[in-house]
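Engineer: Need a 3D model of the following:
(one chain, ligands or ions: 4)
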Amino acid sequence: MDLARHGVPALTPPRFIDLHMHSTASDGSLVPSEVVACAKSAGLSAIALTDHDSVAGVAEAVAAGEAVGVRVVAGCEFSVSAPWGEMHLLGYFLPVGDETVEAFLDRCRADRRRRAEVMCGRLQGLGVAVTLDAVLDEAAGGAIGRPHVARAVVRVGAAQDVNEAFDVFLGRNKPGYADKVLPTFSEVADLVHAAGGVVSAAHLRDRATRPYLARLKQEGLDAVEVRHPRHAAETRSRIAGIATALDLARTGGSDWHGDVGPGEGHGSLGSQTVPEDWLARLESRRPTPR
Ligand code: AMP
Ligand code: MN
Ligand code: MN
Ligand code: MN
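Structural biologist: Ligands and ions are numbered 1, 2, ... in the order given. Down below sits the predicted model:
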C-alpha cells in the first residue's frame, strides 16, 4: 500500500544521541575509535566524547565518526569545586589543539598524577603494595583517575574487583582516598567560553536546585544534564522544569566507560535516549567569536 497516496505522512524514526562518555583518554576501557564503533552499532546519530580532564581522544573519535557517519562533538568532563566539595562540568564544542585549553588540561593531569602518588603512599601505609608505576601502567597515558588506582589494587590482590577497591580504599572518606586540586566553576566556564564552547552541569541529582542553578547561570552556566543513569524519572523531570524556568539548555548521556564494571552510576551507551534536537539547542548557546 502506498501510504503517501492515502495522506499518511512518512514518519522518520526518532534519532538519539549520547552526550557523556569516556575512553582510554581517561578512565574508560575502549580506545576512541572503538567507542565510536559502539555508538554506530547502538544506532546513535551523534555522541560527545567527554573524557575527564582530556580532549586527547577527540581527534581519533572525530575521524572514526566521519568514516561511519556518527557526528562526534569534542567534549571534556572537568572537576570543579562546589559548596559540598566537588562537582563535574561538561564542556562541549572545544576546538582541538586550543593552546589555552591544552595548557589548562596539562596542569589538571599533572595534579591527577601527584594525587595518584599520594593515594599510593596511603595504600602502602595500609599494607597494599601499589606503586605509582603500576597505576601509570593502568592509565596507559590517559588522565589518571581512581579507577586506575583501583585496577592496580585488584592486580596486587588487595581487592576482588574495582568496586571492592572503591568500597574499601578509594571511595570518598576511605583511607586510600585523596582530594583533587579543584579549579572554580567560573575559571572553567570562562576557559570553555573563551574557546567557543558551552558548559553543562553534570549529574547533580538532588543538588540541582533552582537557586543553585540560577547562581551558576550568573557565573556562565549554559546547560544542565537532565538525563543521566543516576537521575531517576522524578529527578529528570524536576531538573527539566528548572532548565525551562531558567532558560538553560538540556544535556543527557550515559556516562558510559566501556566494559568497566557497573561502578558508580554508569549506564550503557545510548541508554539515556537523548533526542537529537537537544544537541542543536545546545549548539545555539555557543558564544559568538570575538
Ligand atoms: P577520580 O576522577 O579520580 O576521582 O575518579 C572518579 C571516577 O571513578 C568516576 O569518574 C568513575 O568513573 C569512577 N568511580 C567512582 N566511584 C566508583 C565506584 N564506586 N566504583 C567504580 N568506579 C567508580
Ligand atoms: Mn570516570
Ligand atoms: Mn562525573
Ligand atoms: Mn563522566
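Engineer: now whatever residue of the stretch 1-150 of the chain ends up closest to ligand 4: how far from residue 126?
Structural biologist: Residue nearest to ligand 4 within the stretch 1-150 of the chain (CB to the ion): residue 77, separated by 4.8 Å. Heads up, the C-betas are built off the backbone N, CA and C, glycines and all. Distance, residue 77 to residue 126, using CB to CB, to the nearest Å: 29 Å.
Engineer: okay, those two: which has more neighbours?
Structural biologist: The residue with more neighbours, out of residue 77 and residue 126, is residue 77; 24 against 13, by other CB atoms under 10 Å.
Engineer: and the helix or strand containing the more buried one, which residues are buried?
Structural biologist: In this structure, residue 77 sits in strand 71-82 according to DSSP states H and E. By neighbour count on 16 or more other CB atoms under 10 Å, the buried set for strand 71-82 is 71, 72, 73, 74, 75, 76, 77, 78, 79, 80, 81, 82.
Engineer: and which of those is nearest to ligand 1?
Structural biologist: Nearest to ligand 1 out of the buried residues of strand 71-82 is residue 79 (CB to the nearest ligand atom; 6.2 Å).
Engineer: mind listing what the closest one touches?
Structural biologist: Neighbouring residues of residue 79 by CB atoms under 8 Å, 6 or more residues apart in numbering: 52, 53, 86, 87, 88, 89, 108, 180, 182.
Engineer: hang on, the last one in a strand?
Structural biologist: In other words, residue 182. No. Going by DSSP: H, G, I helix; E, B strand; the rest coil, the assignment for residue 182 is coil, not a strand.
Engineer: Pull the number of nearby residues for the residue in the stretch 101-250 of the chain that ligand 4 sits nearest to.
Structural biologist: Using CB to the ion, the single residue of the stretch 101-250 of the chain nearest to ligand 4 is residue 202, 6.6 Å away. Applying other CB under 10 Å, we find 22 residues neighbouring residue 202.
Engineer: re the thing from before, save the buried residues of strand 71-82 as JSON lines, and put in pLDDT too.
Structural biologist: Converted to JSON lines, the buried residues of strand 71-82 look like this (pLDDT from 0 to 100):
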{"residue": "71", "pLDDT": "98"}
{"residue": "72", "pLDDT": "98"}
{"residue": "73", "pLDDT": "98"}
{"residue": "74", "pLDDT": "98"}
{"residue": "75", "pLDDT": "98"}
{"residue": "76", "pLDDT": "98"}
{"residue": "77", "pLDDT": "98"}
{"residue": "78", "pLDDT": "98"}
{"residue": "79", "pLDDT": "98"}
{"residue": "80", "pLDDT": "98"}
{"residue": "81", "pLDDT": "98"}
{"residue": "82", "pLDDT": "98"}
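Engineer: Need the max-distance pair from those.
Structural biologist: The span of these, defined through CB to CB, is set by 71 and 81 at 32.4 Å.
Engineer: following the longest helix along the chain, which helix or strand comes up?
Structural biologist: As assigned by DSSP state H, the longest helix anywhere in the chain is helix 99-125. Once the chain leaves helix 99-125, the next helix or strand it forms, by DSSP H and E, is helix 132-139.
Engineer: quick one: buried residues of that following helix?
Structural biologist: Buried residues in helix 132-139, counted by 16+ other CB under 10 Å: 132, 134, 135, 136, 138, 139.
Engineer: packing partners for the strand or helix carrying residue 216?
Structural biologist: For residue 216, the host element (DSSP H and E) is helix 210-218. Counting contacts by 3 or more CB pairs under 8 Å, 6 or more residues apart in numbering; DSSP states H and E, helix 210-218 packs against helix 233-246.
Engineer: which ones are touching the residue of the stretch 101-250 of the chain closest to ligand 4?
Structural biologist: By CB under 8 Å, 6+ apart, the contact set of residue 202 is 20, 77, 87, 88, 89, 90, 225, 228.
Engineer: Understood, closing this out.
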